[in-house]
Each structure stands twice: as structure tokens, then as C-alpha cells.
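Visitor: what's the 3D shape of this:
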Amino acid sequence: MGIYDRLVLPRLIDFAMKDKRAAERRAVLVPQAAGKVLELGIGSGLNLSYYGPAVERVYGVDPSPELLARARARAQRLSLPVDLACRSAEALPWPDESVDTVVTTWTLCSIPDARQALREAKRMLRPEGRLLFVEHGLSPDPRVEAWQHRINPLWRRFAGGCNLERRIDELIRSAGFEIVQLETGYLRGPRPFTYTYQGFALPLAARSA
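Guide: Presented below is the predicted three-dimensional model:
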């Protein structure tokens, strides 16, 4: 891992994720979490201050030790218990059916095998639990999509593996979830980077029981 990935990229990610429009989305989504929470790609811990009193504990996973150091510092300022693991999300260290809510915010774009990470989240999720998500991904507009495909190879190198080409709703469904609520649209900014999927999903087994 080079100097850019260790020292520059974590600071850029932390700065970019403090964007006002991202904060507005967090303020709507994250307070819906309850019980024990798994957060995929917890990063620098920007979601931590949005968890409400219904949350008992947060389990967070991220492959960046630099971002997790920032998350630990933020967690120390809260009374909420937070357990952090420095690893990718495709193989989680916690038991089956041990959490009530899974939260993902702008992270499925950069996990190498996002489908496997979602399957792991489903494994940890109790049958009556929920997946809460806000993610950016592939636009349905053919002109914007064409630009996303053009930009993506260079963007991935610059942005720590972030992909502009993932259909987030299809990823979630293919991992064994049923999407119950989905809102899509562009945030302010260049359209290839801002097409957003937001909502919640339930594990399919819970819906068929």
C-alpha cells in the first residue's frame, strides 16, 4: 500500500463524506437503526453520532486502519458501545443472527465482492432485521451511464476502488434481500457520481415466514 492510499486517500474520503447532502441523507437513514447494528464500511465513523437511543451496540468493519483510527476517536466521545474490526466485509468475524440492523452508506461501491459482503450481512442479521442503505451507483439514463463506464477505470484507481457502475438494487436482491422501500435520484453535483439509491430491505426468509 503506497503513501497515497495510506495517508492521502483516508483524508480525502473523510472530507468528501462530510458533504452537506451526504449528511442530510445520513440524518434521515441512520436514526432508523435499532438494537445491535452492523455497519459495513464504517470508515471514519461519520454515522456514529446519528445513531439514536434505540441502538444498543454498533459493530463496524472497514479495511482501512487510518479511517478506523478516526472512527475510534469519534466512538470515544459517545456512550454507545462500538466494536471495530479492520478487515474487508466479505468475511465478518461475528456470529450468525447476532444483529438487528445492517447499515451501509456509500460503501457497496468500493467493497471488492459487494454481493458476498451483503450475504455475510444477511448471515449476521436476525430474521426480523432490516438492511438500511444509501449508496451511489449506475444511472438509468443511457447518456450518464455511458460516461460512468468511460470514467470508471481511472476513477477506481483514484478513489480507492470505488465503482460508478454497480446497480445497487440488483446487488441487494441478489444477496437474498427483498427491497421494501427504494428512492432513487441525483444529488447535487456531476451526474456520473451522484445517482443515489436509498431505502431498506428485509431478508427473504423473514418475508416468506
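Visitor: Not counting sequence-adjacent ones, nearest residue to residue 136?
Guide: Distances taken as Cβ to Cβ, 6 or more residues apart in numbering put residue 196 closest to residue 136, at 5.4 Å, once the chain neighbours are dropped. Where you see a C-beta, it was placed from the backbone N, CA and C, and this is true even at glycine.
Visitor: ignore the last one, residue 54
Guide: Counting by Cβ to Cβ, 6+ apart, the residue nearest residue 54 is residue 34, at 4.0 Å.
Visitor: Run a quick neighbour tally on that neighbour.
Guide: Residues near residue 34, counting by other Cβ atoms under 10 Å, number 16.
Visitor: What pLDDT is listed against it?
Guide: Looking at residue 34, its pLDDT reads 98.
Visitor: My guess is it contacts residue 55. True?
Guide: Yes - between residue 34 and residue 55 there is a contact at 6.3 Å, judged by Cβ atoms under 8 Å.
Visitor: Overlap of the contact sets of the two?
Guide: Common neighbours of residue 34 and residue 55, counting by Cβ atoms under 8 Å, 6 or more residues apart in numbering, are residue 101.
Visitor: ok, back up a step: and the residue nearest to residue 54, what is it in contact with?
Guide: Counted by Cβ under 8 Å, 6+ apart, residue 34 has contacts 52, 54, 55, 100, 101.
Visitor: just residue 110 next, same as before
Guide: 41, 159, 160, 161, 162, 163.
Visitor: just the buried members of those?
Guide: 41, 159, 160, 162, 163 (16 or more other Cβ atoms under 10 Å).
Visitor: Between the residues you listed, which sits nearest residue 106?
Guide: Among these, residue 41 lies closest to residue 106 (Cβ to Cβ), at 7.7 Å.
Visitor: Tell me the pLDDT of the closest one.
Guide: Here, the pLDDT recorded for residue 41 equals 95.
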